[in-house]
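K.L.:
Provide a 3D model corresponding to the input given below.
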Amino acid sequence: MSVSEKGRRLVREIRESLIELEANGVDRVPRAAPPAPNAPGFRPAVAPLDASRIPRGGDSERALRAVVKELGDCTRCRLHEGRRNIVFGEGSPEAPVVFVGEGPGEQEDRSGRPFVGRAGELLTKMIEAVGWTREDVYICNIVKCRPPKNRDPQLDEVASCSPFLEKQIRAIAPRVIVTLGKPAAQKMLGRPVAITRARGTWEVWHGIPLMPTYHPAYLLRNYTKETRQAVWDDLRAVRARVDGA
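P.N.:
Numbering: from 1, shown residues only. Next up, the predicted model:
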């Protein structure tokens, strides 16, 4: 990519971020301190969290319990017909990072826990590689019930679960969101994305910095030096962003 192409891409990313911020009622962005010179993966700064709109501190666990209660024994879409368990999510209510995946698989459906199969084992290693544990972060999916044969969730199914996912994230108020794979990135960004181009580039969701990266299942199918390095770079940038906050 030439210098002029990089410049045009940077301007486009800044413009898209400003449009997103304006759409969410942000009319002023305080000047942010620059990142450390050798901090990996930083992109243009995004708006800080709006603490007045999102529960913080001791309210987080109570707010999550309220979302679970509201969700109940959900029958809002067809996915409930074949499920064993609702897979709400797990982790720290005070997590600095929320990982958002696509949907439960067979083992997740059996256990009621997110990311416990082979992809989950790899996600755990990815999290630990940057110095966290599963207990330090929060892990959930854009839909709470397993799609048949692990297909992609359909638009109406995602729409049925969206209010609960958004309330989860608002309850936790993380410093960063990490989307795992194309469906999660598309849902959170509200537009089509090509994950090979979107990954590694900072985005924003309601004032919260968001990093798209590859889904662990994709890595298992394409376990190359390049894909491993890409995810490692993305998660290092996330860790640096959290520590810098």
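K.L.:
Show the average pLDDT along stretch 189-196.
P.N.:
For stretch 189-196, the mean pLDDT works out to 97.
K.L.:
And it, what's buried?
P.N.:
For stretch 189-196, the buried set under the neighbour-count rule, 16 or more other Cβ atoms under 10 Å, comprises L189, V193, I195. Using the backbone N, CA and C atoms, a C-beta is placed for each residue, glycine as well.
K.L.:
any idea whether the second one is helix, strand or coil?
P.N.:
On the three-state scheme (DSSP: H, G, I helix; E, B strand; the rest coil), V193 is labelled coil.
K.L.:
so it sits right up against A184, yeah?
P.N.:
No: between V193 and A184 there is no contact under Cβ atoms under 8 Å: 9.9 Å.
K.L.:
got any residues that touch both of these two?
P.N.:
Taking Cβ atoms under 8 Å, 6 or more residues apart in numbering as the criterion, V193 and A184 both touch P212.
K.L.:
So which helix or strand of this protein has the lowest pLDDT on average?
P.N.:
helix 3-23 (a mean of 52; mean pLDDT, DSSP states H and E).
K.L.:
after that helix, next one along is what?
P.N.:
The helix or strand immediately downstream of helix 3-23 is helix 59-71, counting by DSSP states H and E.
K.L.:
can you list the residues that contact the very next helix or strand once past that next one?
P.N.:
Downstream of helix 59-71, the first helix or strand assigned by DSSP H and E is strand 90-91. Outside strand 90-91, the residues within contact range by Cβ under 8 Å, 6+ apart are V98, R113, P114, R134, E135, D136, V137, Y138, I139, C140.
K.L.:
Keep only those of the residues you listed that are in helices.
P.N.:
In helices, defined here by DSSP state H, there are no members of these.
K.L.:
so can I have JSON lines of those showing pLDDT?
P.N.:
Below are the contacts of strand 90-91 laid out as JSON lines (pLDDT from 0 to 100):
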{"residue": "V98", "pLDDT": "98"}
{"residue": "R113", "pLDDT": "98"}
{"residue": "P114", "pLDDT": "98"}
{"residue": "R134", "pLDDT": "97"}
{"residue": "E135", "pLDDT": "97"}
{"residue": "D136", "pLDDT": "98"}
{"residue": "V137", "pLDDT": "98"}
{"residue": "Y138", "pLDDT": "98"}
{"residue": "I139", "pLDDT": "98"}
{"residue": "C140", "pLDDT": "98"}
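K.L.:
Buried subset of those as a ChimeraX selection?
P.N.:
Filtering these down to the buried ones (16+ other Cβ under 10 Å) takes a single ChimeraX command:
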select :98,113,114,134,137,138,139,140
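K.L.:
Nearest to E70, out of the contacts of strand 90-91: which one, please.
P.N.:
Nearest to E70, judged by Cβ to Cβ, of these is C140 at 15.1 Å.
K.L.:
Relative to E102, how far out is P114?
P.N.:
For P114, the distance to E102 (Cβ to Cβ, to the nearest Å) stands at 10 Å.
K.L.:
Got phi/psi on R146?
P.N.:
Backbone torsions for R146, taken as degrees, to the nearest 10, come to phi -70, psi 130.
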